[in-house]
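Make a model of this:
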Amino acid sequence: MGGRSLDGKATLWTYIKNYKFNSIFIKNFLVVLFLLMVPLACVHYLVYQYNDSAMRREVSRSSLSELTRIRDTVDIIINEAESLSIRLGTVSDVDLFLRSERLDYPLDYSTIERIRRIQDLLRISILTNPYVSSIQLYFAKTDYLVSETNAGSLDKYRYEWWYHDYLATKDTHKFWIRTIDSPQDEEPEVVLFRLLPVSGANQEGLMTVSVGAKQLEPLMKGMTPEQEIYIVDRQGQIVFTHDPTRIHQSIGNYHPEWDADRFDRTFSHVTRNRDGRSTVVSAVPSRGRDWTFLSAIPLERYESSQNRLRSFIALLIVTGVVTSLIIAFLISVKTYRPIHSILSLLANNLPAQRDNEKNTAGALNELKYIAAAIVQSSEQKKEMEQELERRYELMSKAQSIALQAQINPHMLYNTLEAVNWKVMRLTGGKNEASSMIHALSRLLRLSLSTGNNVIPLRTEIEHARLYVEVQQMHYKDELEVIWKINESIFDYLTVRLTLQPIIENAIYHGIKPSGRPGVITITGYEDTRSVILRIKDNGVGIGFLQAERINQSFGSDQIKEADHIGLMNVNRRIGLIFGKGCGLKISGKEGEGTIVELRLPKQI
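Here you go, the predicted structure:
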């Protein structure tokens, strides 16, 4: 894998980089983070929702309670004003005035005293009822108006503000309530109209009891300055509110989202107005009138505390996220550690798998990689067992060939020794023939020794020199062998009978067919990893294609029993003992000679 640490071991980030989101670490991290974050987010969400809902319920409850208090207070005031009108309408002086057909001017003393007594009664009623701003008595027969401060003919006063409503309603109602602008201060007043006398068929008089805005406004104050409070009738018309310009208008002009059909029942809920702001709307019907008391409280006033709570929850969420990330990372690292150990072990002990990691990382995760490595290791084990079994068979076959090859030359070796002694007796001492026979017998003795098949190069070179000595006795001056072997390689190991078959091949297949004196150069040296022996002749040479076919045949597993000392057998025996990368390689050029390169491992 790429991105390894300085000691060659793959780090955690290496696997994350290679496997990305397929990595077991990433998946475990996300799962743990999810398990930590979801409950945390749910708890914070539920806390916020519960607090928000509790706040809305509390505001709705408080608004409804405050509105109920206002409703009860206003109902009491109106009821007291109505009772006051009934009581005043039954006073004897008022009744006598109603029966008067006309008034003679100047007024007599008894009439003036009656008017004074009525005015005193009105003033006392106003003083004892602080919400009543004025009381008027109108006597239709005499067209006379009496108030707590004045008395006289109707044409002496500003009467239009109530008189037209009186004329329009007197034939259908005995008692009604209107909101009318007062002529004195031009402020709205809730006016109670009652026809007089209270009992009787012919009502020839009128009493008005006015409850002024100044008296009602303190009662209509809500919980907050932003709260709007309305008194509306069943048709949705505004009877009274703080803003005089809205009186007598439809509530739908200012709050179209409010449903007038629900004004006959008590409710309190949160709605959104045209500006998109949330508002707590409450409604309480009057107990004695066809009125409904409405309240509207913007939640913006309470959202500051919600915003603080929201900020605090956001801080908790950020803290929770950071904490969850740290905890999820630590848990993932701890659970990933055994997998990391297995991956490191596989990477260090399976080179082939390690080289293939980058190719498979995109499609695998760590578990699949481990499974693939185990499968590959199992397959490699089977391949090694099969290779060992095949090599064992080949070794057995080679050993059989070698044993068979020893039987015939052994008799020849004993015979040559007997011939050597016979020649020396007949010739009276050593001569060329006896020397050749003696060298040949020594060569056979070295070849037929039953010691280790792996010998030092020193011994193999000695064996090759004996063979060359015999051949030079035969070819006289037609064969020259040049030895250029570095003595530093003498102690390295080689397989018995590797150099002599190559020299023999150079003589009989290279030099002899050429018909000219032969020169064989044997060079030996070492590089950083191997020991190299190069045997070069000046024989007939070899073509490129033929050399390639021979080099390819060196990979064959077959051992030819009839030609057991051939180049292929030499190459195969070297490969069986030293493994791949060791053996023979042939090159050359037709007419110029052949080069056989022997490569051995540097083993002592």
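
Low-confidence bits of the stretch 501-604 of the chain, can you list those?
Low-confidence segments of the stretch 501-604 of the chain, defined by pLDDT under 70: 556-565.

again, only using 90
Across the stretch 501-604 of the chain, residues meeting the criterion (pLDDT under 90) sit at 501, 508-509, 514-516, 528-529, 549-581, 591, 603-604.

ranges for the helices of it?
Under the criterion DSSP state H, counting those that start in this stretch, helices of the stretch 501-604 of the chain are mapped to 544-553, 567-578.

Tabulate the CA atom coordinates of the first one in PDB.
So the one you mean is helix 544-553. Extracted in PDB, the C-alpha atoms of helix 544-553 (Å, rounded to 0.1, in the frame of the first residue of the first chain):
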ATOM      1  CA  PHE A 544      19.400 -16.400 -32.900                       C
ATOM      2  CA  LEU A 545      16.200 -18.400 -33.400                       C
ATOM      3  CA  GLN A 546      17.900 -21.700 -32.500                       C
ATOM      4  CA  ALA A 547      19.400 -20.100 -29.400                       C
ATOM      5  CA  GLU A 548      15.900 -18.800 -28.400                       C
ATOM      6  CA  ARG A 549      14.300 -22.300 -28.900                       C
ATOM      7  CA  ILE A 550      17.000 -23.900 -26.700                       C
ATOM      8  CA  ASN A 551      16.600 -21.200 -24.000                       C
ATOM      9  CA  GLN A 552      12.800 -21.800 -24.000                       C
ATOM     10  CA  SER A 553      13.400 -25.600 -23.800                       C
END
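
Would you mark the buried spots in that helix?
Residues of helix 544-553 classed as buried by neighbour count (16 or more other Cβ atoms under 10 Å): 547, 550. Just so you know, the C-beta spots here come from the backbone N, C-alpha and C atoms, and that holds for glycine as well.

same check, this time on the last one
Within helix 567-578, the residues that count as buried by 16+ other Cβ under 10 Å are 567-578.

C-alpha coordinates for stretch 466-482, CSV please?
Taking Å, rounded to 0.1, in the frame of the first residue of the first chain, the C-alpha atoms of stretch 466-482 are listed here in CSV:
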residue,chain,number,x,y,z
LEU,A,466,41.0,-33.1,-15.9
TYR,A,467,38.4,-33.5,-18.7
VAL,A,468,40.2,-30.7,-20.7
GLU,A,469,43.6,-32.4,-20.1
VAL,A,470,42.2,-35.7,-21.7
GLN,A,471,40.8,-33.8,-24.6
GLN,A,472,44.0,-31.8,-25.2
MET,A,473,46.0,-35.1,-25.3
HIS,A,474,43.6,-36.2,-28.0
TYR,A,475,43.5,-33.1,-30.1
LYS,A,476,47.1,-32.0,-29.5
ASP,A,477,47.6,-28.4,-30.6
GLU,A,478,44.1,-28.1,-32.2
LEU,A,479,42.5,-27.3,-28.8
GLU,A,480,43.3,-24.4,-26.6
VAL,A,481,41.5,-23.7,-23.3
ILE,A,482,41.9,-20.3,-21.6
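
circling back: in JSON lines: the helices of the stretch 501-604 of the chain, plus distance to F34.
Converted to JSON lines, the helices of the stretch 501-604 of the chain look like this (distance: least, Cβ to Cβ, whole Å):
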{"stretch": "helix 544-553", "distance to F34": "61"}
{"stretch": "helix 567-578", "distance to F34": "58"}
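
Select, out of these, the one closest to S488.
The closest of the helices of the stretch 501-604 of the chain to S488 is helix 567-578. By Cβ to Cβ, the value is 19.2 Å.

packing partners for the closest one?
helix 366-427, strand 493-495, helix 499-506, strand 583-589, strand 593-601 (3 or more Cβ pairs under 8 Å, 6 or more residues apart in numbering; DSSP states H and E).

ok, now with 10 Å
On a contact count with 3 or more Cβ pairs under 10 Å, 6 or more residues apart in numbering; DSSP states H and E, helix 567-578 meets helix 366-427, strand 493-495, helix 499-506, helix 544-553, strand 583-589, strand 593-601.

Partner strands of the shortest one and their direction?
The strands beside strand 493-495 in its sheet (DSSP bridges) come out as strand 454-456 (antiparallel).

go on, the last one?
Paired neighbours of strand 593-601 in the sheet (DSSP bridges): strand 530-537 (antiparallel), strand 583-589 (antiparallel).

As CSV, those with mean neighbour count and distance to L36 would be great.
Converted to CSV, the strands paired with strand 593-601 look like this (neighbours: other Cβ atoms under 10 Å; distance: least, Cβ to Cβ, whole Å):
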stretch, mean neighbour count, distance to L36
strand 530-537, 20, 60
strand 583-589, 18, 63
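
What residues does the nearest residue to F578 once chain neighbours are set aside make contact with?
Here the nearest residue to F578 in space, its sequence neighbours aside, is P601; by Cβ to Cβ, 6 or more residues apart in numbering that works out to 5.2 Å. Contacts here follow Cβ atoms under 10 Å, 6 or more residues apart in numbering; on that basis P601 touches 492-494, 529-531, 574, 577-579, 581-582.

So what sits opposite P601 in the bridge?
S530.

hey, which helix or strand in this protein has the poorest pLDDT?
Here the helix or strand of the chain ranked lowest by mean pLDDT, DSSP states H and E is helix 357-360, holding a mean of 45.

thinking again about what came up before, please produce TSV containing the strands paired with strand 593-601, extended by distance to F175.
Formatted as TSV, the strands paired with strand 593-601 follow (distance: least, Cβ to Cβ, whole Å):
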stretch	distance to F175
strand 530-537	129
strand 583-589	131
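
who wins for proximity to D259 among those strands?
Here strand 530-537 is closest among these (Cβ to Cβ), at 100.6 Å.

distance between the closest one and the chain's centre?
64 Å (Cα atoms, centre = their mean, to the nearest Å).

Extract the CA atoms of that strand and return them as CSV.
Provided in CSV are the C-alpha atoms of strand 530-537 (Å, rounded to 0.1, in the frame of the first residue of the first chain):
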residue,chain,number,x,y,z
SER,A,530,25.1,-14.2,-8.5
VAL,A,531,28.2,-16.1,-9.6
ILE,A,532,28.6,-16.1,-13.4
LEU,A,533,30.6,-18.6,-15.5
ARG,A,534,30.9,-17.8,-19.3
ILE,A,535,32.1,-20.6,-21.6
LYS,A,536,32.9,-19.1,-25.1
ASP,A,537,34.1,-21.1,-28.1
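
can you map out the helices along the stretch 51-200 of the chain?
Under DSSP H, counting those that start in this stretch, the stretch 51-200 of the chain gives helices at 92-99, 109-128, 160-169.

looking just at contacts, which helices and strands does the second one meet?
Contacts defined by 3+ Cβ pairs under 10 Å, 6+ apart place helix 109-128 against helix 24-89, helix 92-99, strand 132-139, strand 144-147, strand 151-153, strand 205-212.

Report the inter-axis angle for the second one versus helix 109-128.
Counting by axes from the mean of the first three to the mean of the last three Cα atoms, to 10 degrees, helix 92-99 points 120 degrees away from the direction of helix 109-128.

Give me the contacts around helix 92-99.
88-89, 91, 103, 110-111, 113-118, 120-122, 137, 139-142, 144, 146, 196-198, 200, 202-205, 207.

Quick check on these: which are buried?
Buried by 16+ other Cβ under 10 Å: 88-89, 103, 111, 114-115, 118, 121-122, 137, 139-140, 142, 144, 146, 196-198, 203-205, 207, out of those.

Sweet, I'm off.
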